[in-house]
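[1] My questions are about this predicted structure, shown below with the sequence.
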Amino acid sequence: MAIVGTLETVALNLSGHLTGKVRETWSLPEQQRLLVTTDRLSAFDKVIGAAKHKGQVLNQLAAWWFEQTADIVANHVVSVPDPNCLVAVDASPLPVEVVVRGRLTGSTSTSVLPRYKQGERVLYGYELPDGIPDHGPLATPLITPTTKAQAGGHDEPITCAEVSESGLVEPALWEEVQRVALAVFQRGVEVAEKAGFVLADTKYEFGLSPSGELLLIDEMHTPDSSRFWAIEGLEERIASGKTPESFDKEPVRLYLGEIGYRGDGTPPVLPDSVWEATTARYVKLFEELTGQSFEPGAQPAAERINTNLAAVGVL
């Protein structure tokens, strides 16, 4: 398997460059934008290294999912000229992130499991019954939106009613977003189950096209935006009090936990074995979901992107 290095942003001959933790974006003509998914991986809001091939897995998997759900909602993809990137409509993002949860799980302040275990039974405006086991299924998927964090801040939970009442999203549009989010999540659940996975929860971002059309944007149903669990052995793990096997950056989380790193100071250097295990999970999820073999490009990413964009007339 060929090795693809971390993206060299300076080699891309484009203007309007913005750098995120794990993605690069550039402005393109005709109200479009180039989105490049890199190999960088973050934890505790910090980039802690790069997992080889991660960028290509996320980009190709998201593009594949957009195709699987195009009959439900339009998306921002114009073309996928390279394994690492896509050309997208330069949409205006809605000011909320739409998290859909099918399981009682999670560990952060916006998750439902820790609050449920502390005795809360009304979460995000929903009343939950007693007796739901850790990581167990919810009777119906819950939409648990959060505000979009500003630089240096954190997402803040908000109820569906508060989204409309606060004026963050116009009520009729918010009703459409909720309907679409649940339909897309159900499609994801069905596809994942056929591939041997549970789609436990996920995050969607929506935006409006320049003409005002609702679009599904960012990425979707990838290891960075969703929680996928292996079905095999899942119920046994839950019954024994173990955390389900997750196909994402779990090897990185486990290693950071073992060494006691909690985000303070300079991130540690992780062993190659941790990165290799992480890449293996990303690739396995891609191959099982899509039924395709993962074949990374051989050229350095920036060189390849420039060549491919020129070939389709973007550069």
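    Cool, got the structure. Numbers count the residues shown, from 1 in each chain.

[2] Let me see the mean pLDDT of stretch 182-201.
    For stretch 182-201, mean pLDDT rounds to 98.

[3] Render the CA-only coordinates of it in CSV, please.
    Provided in CSV are the C-alpha atoms of stretch 182-201 (Å, rounded to 0.1, in the frame of the first residue of the first chain):
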residue,chain,number,x,y,z
LEU,A,182,-33.8,11.7,10.8
ALA,A,183,-34.3,10.3,7.3
VAL,A,184,-30.6,10.5,6.5
PHE,A,185,-29.8,8.9,9.9
GLN,A,186,-32.2,6.0,9.2
ARG,A,187,-30.6,5.4,5.9
GLY,A,188,-27.2,5.3,7.6
VAL,A,189,-28.5,2.8,10.2
GLU,A,190,-29.8,0.5,7.5
VAL,A,191,-26.6,0.6,5.4
ALA,A,192,-24.3,0.2,8.4
GLU,A,193,-26.3,-2.8,9.7
LYS,A,194,-25.9,-4.6,6.4
ALA,A,195,-22.2,-4.1,6.7
GLY,A,196,-22.0,-5.4,10.2
PHE,A,197,-22.0,-2.1,12.1
VAL,A,198,-24.3,-0.1,14.4
LEU,A,199,-24.5,3.6,13.6
ALA,A,200,-24.8,4.8,17.2
ASP,A,201,-24.8,8.6,16.7
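
[4] which parts of that stretch are buried?
    By 16 or more other Cβ atoms under 10 Å, the buried positions in stretch 182-201 come out as 182, 184-185, 187-189, 191-192, 197-201. C-betas here are computed from N, CA, C, even on glycine.

[5] out of these, what pair is the most spread apart?
    Using Cβ to Cβ, the pair of the buried residues of stretch 182-201 lying farthest apart is L182 and F197, separated by 19.0 Å.

[6] Can you name every helix or strand that the longest helix along the chain contacts?
    When the chain is parsed with DSSP state H, its longest helix is helix 171-194. Under the contact criterion of 3 or more Cβ pairs under 8 Å, 6 or more residues apart in numbering; DSSP states H and E, helix 171-194 touches helix 54-68, strand 96-103, strand 137-143, helix 160-165, strand 197-208, strand 214-217.

[7] do you know which of the ones you listed lies nearest Y261?
    helix 54-68 (20.0 Å).

[8] So T222 lies in a helix, does it not?
    No: T222: not assigned to a helix; according to DSSP: H, G, I helix; E, B strand; the rest coil it is coil.

[9] sorry, back to before: how far is the longest helix of the chain from where the chain is centred?
    Relative to the mean C-alpha coordinate of its chain, helix 171-194 is positioned 15 Å out (Cα atoms, centre = their mean, to the nearest Å).

[10] Contact partners for I143?
    Going by Cβ atoms under 8 Å, 6 or more residues apart in numbering, I143 touches 98-100, 124, 160, 178, 181-182.

[11] any idea how far R253 is from S107?
    10 Å (Cβ to Cβ, to the nearest Å).

[12] Just want to know which of these two has more residues nearby.
    Using other Cβ atoms under 10 Å, the more surrounded residue of R253 and S107 is R253, with 15 against 9.

[13] how close does the nearest residue to the more buried one once chain neighbours are set aside sit to S107?
    Leaving aside its sequence neighbours, R253 sits nearest to A43 (Cβ to Cβ, 6 or more residues apart in numbering; 6.9 Å). Separation of A43 from S107 (Cβ to Cβ): 13 Å.

[14] List the beta-bridge partners for S226.
    Counting by DSSP bridges, S226 forms beta bridges with T202.

[15] State the number of residues packed around it.
    26.

[16] In contact with it: list those residues for me.
    188, 199-203, 220, 248.

[17] got these as TSV, with distance to L34 columns?
    Shown next, in TSV, are these (distance: Cβ to Cβ, whole Å):
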residue	distance to L34
G188	26
L199	29
A200	31
D201	29
T202	25
K203	22
M220	18
D248	25
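
[18] shaky segments in the stretch 101-250 of the chain?
    149-154 (pLDDT under 70).

[19] ok, now with 50
    152 (pLDDT under 50).

[20] picking that back up, filter the contacts of I143 to the buried ones?
    98-100, 124, 160, 178, 181-182.

[21] Tabulate the contacts of I143 in JSON lines, adding columns for distance to L113.
    As requested, these are exported to JSON lines (distance: Cβ to Cβ, whole Å):
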{"residue": "V98", "distance to L113": "19"}
{"residue": "V99", "distance to L113": "13"}
{"residue": "V100", "distance to L113": "15"}
{"residue": "Y124", "distance to L113": "13"}
{"residue": "C160", "distance to L113": "20"}
{"residue": "Q178", "distance to L113": "22"}
{"residue": "A181", "distance to L113": "20"}
{"residue": "L182", "distance to L113": "21"}
